[in-house]
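Chemist: model the following, please.
(2 chains)
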2 protein chains.
Amino acid sequence: MQHHSSDWEPRYARRAARMSGSEIRELLKLLEQPDVISFAGGIPDPALFPEAEARAAGAEIMADPKRARSALQYAVSEGDPGLRSWIAAHMTGLGVPCDSDNILVTSGSQQALDFLGRMLLMPGDTTLVRWPTYLGALQAFNAYEPRYDRLDPEGANIDAAGYAAAARDGDPTRAVKFAYTVPDFANPTGATMTLGAREKTLGLADALDIAVIEDAAYTALRYEGKPVPSIMAIDVARSGDVNASRVIYCGTFSKTLSPGLRVGWICASKALISRLVLVKQASDLNSPPLNQMIIHRLAETVFDAKVEEARGEYRRRRDLMLAALERHMPAGVSWTKPEGGLFIWVSFPDSVDTKALLERSVAEAKVAFVPGRAFHADGSGGNTARFSFSLASAAQIDTGIMALAPLISQDAQPIS
Amino acid sequence: MQHHSSDWEPRYARRAARMSGSEIRELLKLLEQPDVISFAGGIPDPALFPEAEARAAGAEIMADPKRARSALQYAVSEGDPGLRSWIAAHMTGLGVPCDSDNILVTSGSQQALDFLGRMLLMPGDTTLVRWPTYLGALQAFNAYEPRYDRLDPEGANIDAAGYAAAARDGDPTRAVKFAYTVPDFANPTGATMTLGAREKTLGLADALDIAVIEDAAYTALRYEGKPVPSIMAIDVARSGDVNASRVIYCGTFSKTLSPGLRVGWICASKALISRLVLVKQASDLNSPPLNQMIIHRLAETVFDAKVEEARGEYRRRRDLMLAALERHMPAGVSWTKPEGGLFIWVSFPDSVDTKALLERSVAEAKVAFVPGRAFHADGSGGNTARFSFSLASAAQIDTGIMALAPLISQDAQPIS
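Modeler: Have a look, this model is predicted:
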């Protein structure tokens, strides 16, 4: 029989239709063009990495024959015991008293989101997300074919009564599985949920009896104002027990120590963690022990100092970008003033299509950013964009915003 | 509203019912008991790891500021360009001419199996597997809820005509998506497929127009006899083009350089690789660049030497275990004589339940192995077991088999 097997499309599972590329990952490739000023990726500045300390930690581990062998061998799926214990103490310090059994080490928090989608979502289940929300979360969940509805605790919010009634009537098309949010300095908006919005989100989760996935990727990077308790801390304070909490907390070392070592964690009820360990086992057996051992050493020694340094540096760049926007942007353009994190969210007049703007911007102004549409589960937000201030120098920030501004003026209609 | 959120079971997706623990991973914990001789895990001997070379490679990477920053930063999802290029040359040397675009770097071949299940399987799709087969493959695929049927190219084989007819009739319950096999020194049997069996497998795949997933985890570890061409090499030789091949090849450095660095790969048609890159992106963004850079350096410098050393060492242990089985096992017990790999497959008389035997064996003989049932998609094989010779010393091999034998004698009925 003649075989023509090069056409793979008909073989794919239905979910493949929802697996699309990340504009952000594609934009990483623009960074290879040295003349483009990139406000695109949410990429930490490598100058802030604990490079010398990571080198020393790696050398120390590999110089001890017993540890070197552990670093190069298979390991338990749960994660490095020392690191899990450090993370449990860290979570306890954040108002979530817990122990190692509440922690699963993951390969970055992206893997946490994939595992939670796999564990919880059936095709057609509803997931409540912010509008806009983290693009990588949509990509992780999309493989499990959910619907999306809008989580908006500061606004009209969800039709809780409607969902609850549908659940009672056994309407499977309205089964809500969880709410997902980045409460601190969100990707992509930079916005922080107030205590009230967090409580309202928990109240909604109670009413619908659903889980809350709290993505705390940027929480350590606060530049001003008082920390707001995490949604998990609020829930645990009510019930007194992490094992009774409906919140699933995703943490990561990517924005504080190193993204490349790919170490994150899930903190949740012991019952859920024990099931997620099986997902980890089936997915990649275990995260590399060498990376976990290096991160553990760095966490023990330089975590606080590196966070302090990153805060100072990124705060300065945030201020520079806010000033540059103020200085150069035409009327009709508005933006968020984040208290932390890496992102400013810019809203242009409705007449501006930021995807087209990006093309012109890269070609004419040599400036890159991420158009906002990809962050919206419904494909809206065509006039919005995410600007990251994490990777550009002071000079680049002003130059880049100044170069971009004239491209908008030509399109923008003042709102009045 | 009062909330009792500690009962997570009702929240899980249906697929969770098929996610079960690995007896092998649980058995890893037995290794912590120093008085148990373990023939259980398929774990390489850490004494064979290129420890000094890995230490030097890590130090060299981290001493170069440019490479150190790349090692600690996010990276492209496809994998380290240098490593992909090495792997493409390696595959070309194995009779599969290809380039970097045909390679996706994965976190071990376990992740490759997970990605392929996600990309190809709908609930109820049929997967053809050996009986017994690699337990980790069943775990990876189970999350996507397939049925299993028996791939037996040395025996009666599959009802190809029946499946083909069902496909023509549009019977979705008989949609076959791929055949999965470990052709060289299989986990768990140690068996190697003949050239004829490989060709028959390809013929079956042609007849059903399905993919073949070739898991080459142990291929480098041949101790005697002539290498058999890989199924992919046979297919590519027919069509002349890797991009026209229906075979998906999963390779790994886990059995040759280090399992803990978690570096494997998929070699396949460019079209499929470009889709799998999106799965990688959504799953964990990218494998850690530090690990890929270390593996690349080791692959360039010590791959052949380490493979040669491992072959010599494991061949010796295989011979010792075969001799010990010959010396100590009662009549009615039979076993495979593998030409490579890490495993011997032992069949006991039907009256022996190897799960019960394991319990007695650990308690009374201080010897661990893996009962065979878990490797069978239908739960059969209760009288079989997998013995690994990779981790035990010469003395332990003889002592362990000798200590185990009396427990069998008490149950075994000679077959005559």
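Chemist: what's the domain layout of chain A?
Modeler: Split into domains by automatic domain parsing, chain A comes to A:14-49+A:304-409, A:51-302.
Chemist: point out the most buried one among the ones you listed.
Modeler: Comparing those by mean neighbour count (mean count of other CB atoms under 10 Å in any protein chain shown), domain A:51-302 comes out on top with a mean of 21. Quick note: C-beta positions are derived from backbone N, CA and C, even for glycine.
Chemist: worst average pLDDT in the domains of chain A?
Modeler: Here the lowest mean pLDDT among the domains of chain A goes to domain A:14-49+A:304-409, at a mean of 91.
Chemist: will you turn the domains of chain A into TSV that also has distance to residue B:62?
Modeler: Converted to TSV, these look like this (distance: least, CB to CB, whole Å):
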stretch	distance to residue B:62
domain A:14-49+A:304-409	11
domain A:51-302	4
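Chemist: so for residue B:249, which of those sits nearest?
Modeler: Taking CB to CB, domain A:51-302 is the member of the domains of chain A nearest to residue B:249, at 18.3 Å.
Chemist: report the distance from the closest one to the chain centre.
Modeler: Distance of domain A:51-302 from the chain centroid (CA atoms, centre = their mean, to the nearest Å) equals 10 Å.
Chemist: endpoints of that domain, how far apart?
Modeler: Length of domain A:51-302, first residue to last, CA to CA, to the nearest Å: 11 Å.
Chemist: with stretch A:37-49 instead?
Modeler: Stretch A:37-49 has an end-to-end distance of 21 Å (CA to CA).
Chemist: okay, strands next: where are they in the stretch 201-350 of chain A?
Modeler: A:211-215, A:247-252, A:264-267, A:334-335, A:343-347 (DSSP state E, counting those that start in this stretch).
Chemist: need those in CSV with distance to residue A:52, can you?
Modeler: As requested, those are exported to CSV (distance: least, CB to CB, whole Å):
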stretch, distance to residue A:52
strand A:211-215, 30
strand A:247-252, 22
strand A:264-267, 23
strand A:334-335, 36
strand A:343-347, 29
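Chemist: of all those, which one is nearest residue B:235?
Modeler: When these are ranked by proximity to residue B:235 (CB to CB), strand A:264-267 comes first, at 38.9 Å.
Chemist: contacts for the closest one, please.
Modeler: Here strand A:264-267 makes contact (CB atoms under 8 Å, 6 or more residues apart in numbering or on different chains) with A:79, A:84, A:87-88, A:91, A:96, A:98, A:102-112, A:115-116, A:232, A:242, A:248-254, A:273, A:276.
Chemist: strands paired with that strand, and their directions?
Modeler: Using DSSP bridges, the strands paired with strand A:264-267 are strand A:103-106 (antiparallel), strand A:247-252 (antiparallel).
Chemist: next, give phi and psi for the closest residue to chain B within the stretch 151-300 of chain A.
Modeler: Nearest residue of the stretch 151-300 of chain A to chain B (CB to the nearest CB) works out as residue A:246 at 3.6 Å. Per-residue torsions, residue A:246: phi -90, psi 0 (degrees, to the nearest 10).
Chemist: look up how far residue A:133 lies from it.
Modeler: Note on residue A:246: its distance to residue A:133, by CB to CB, to the nearest Å, is 19 Å.
Chemist: same question for residue A:76.
Modeler: 33 Å.
Chemist: cool, and residue A:106?
Modeler: From residue A:106 over to residue A:133 the distance is 19 Å, taken as CB to CB.
Chemist: how about residue A:58?
Modeler: Look at residue A:58 and residue A:133: by CB to CB, they are 36 Å apart.
Chemist: can you check residue A:70 too?
Modeler: For residue A:70, the distance to residue A:133 - CB to CB - is 38 Å.
Chemist: ditto for residue A:43
Modeler: Here the criterion is CB to CB. By it, residue A:43 lies 19 Å from residue A:133.
Chemist: what does residue A:91 give?
Modeler: Applying CB to CB to residue A:91 and residue A:133 gives a distance of 24 Å.
Chemist: repeat that for residue A:294.
Modeler: Residue A:294 sits 31 Å away from residue A:133, going by CB to CB.
Chemist: could you do residue A:147 as well?
Modeler: Between residue A:147 and residue A:133 the computed distance is 14 Å (CB to CB).
Chemist: same thing with residue A:116?
Modeler: Residue A:116 is 14 Å from residue A:133, by CB to CB.
Chemist: follow-up on the earlier one: from the contacts of strand A:264-267, which land in helices?
Modeler: With helices taken from DSSP state H, the overlap with these comprises A:84, A:87-88, A:91, A:108-112, A:115-116, A:232, A:273, A:276.
Chemist: all helices for chain A, in order.
Modeler: Applying DSSP H to chain A gives helices spanning A:23-28, A:51-63, A:65-72, A:81-93, A:108-120, A:135-142, A:160-168, A:195-208, A:231-239, A:270-284, A:289-328, A:354-360, A:394-409.
Chemist: tabulate those helices (CSV), appending distance to chain B.
Modeler: Shown next, in CSV, are those (distance: least, CB to the nearest CB, whole Å):
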stretch, distance to chain B
helix A:23-28, 6
helix A:51-63, 4
helix A:65-72, 4
helix A:81-93, 11
helix A:108-120, 4
helix A:135-142, 4
helix A:160-168, 10
helix A:195-208, 5
helix A:231-239, 8
helix A:270-284, 4
helix A:289-328, 5
helix A:354-360, 20
helix A:394-409, 18
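Chemist: need these in CSV (columns: distance to residue B:163).
Modeler: Rendered in CSV, the data for the helices of chain A read as follows (distance: least, CB to CB, whole Å):
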stretch, distance to residue B:163
helix A:23-28, 38
helix A:51-63, 51
helix A:65-72, 43
helix A:81-93, 46
helix A:108-120, 29
helix A:135-142, 31
helix A:160-168, 40
helix A:195-208, 44
helix A:231-239, 49
helix A:270-284, 27
helix A:289-328, 43
helix A:354-360, 46
helix A:394-409, 58
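Chemist: so for residue B:38, which of those sits nearest?
Modeler: Shortest distance between residue B:38 and those, using CB to CB, is found for helix A:65-72: 15.6 Å.
Chemist: for the closest one, packing partners?
Modeler: Applying 3 or more CB pairs under 8 Å, 6 or more residues apart in numbering or on different chains; DSSP states H and E, one finds that helix A:65-72 contacts helix A:51-63, helix A:289-328, helix B:51-63.
Chemist: so which of those helices gets nearest residue B:184?
Modeler: helix B:51-63 (25.5 Å).
Chemist: close to chain A, is the closest one?
Modeler: Yes: counting by CB under 8 Å from any CB of the partner chain, chain A has neighbours in helix B:51-63: B:51, B:54, B:55, B:58, B:59, B:62, B:63.
Chemist: quick one: contacts for the residue lying closest to residue A:384 once chain neighbours are set aside?
Modeler: Nearest residue to residue A:384, sequence neighbours excluded (CB to CB, 6 or more residues apart in numbering or on different chains): residue A:372, at 3.0 Å. For residue A:372, the contact set (CB under 8 Å, 6+ apart) comprises A:132, A:188, A:345, A:354, A:381, A:382, A:383, A:384, A:385, A:386.
Chemist: change it to 7 Å
Modeler: If a contact means CB atoms under 7 Å, 6 or more residues apart in numbering or on different chains, then residue A:372 has A:132, A:354, A:381, A:384, A:385, A:386 as its contacts.
Chemist: which one among the residues you listed gets closest to chain B?
Modeler: For the contacts of residue A:372, the minimum distance to chain B (CB to the nearest CB) is 16.1 Å, reached by residue A:386.
Chemist: from memory the closest one sits against residue A:345, does it?
Modeler: Yes: look at residue A:386 against residue A:345 with CB atoms under 7 Å: they come within range, at 6.0 Å.
Chemist: report the set of residues contacting both of those two.
Modeler: Residues touching both residue A:386 and residue A:345 by CB under 7 Å, 6+ apart: residue A:188.
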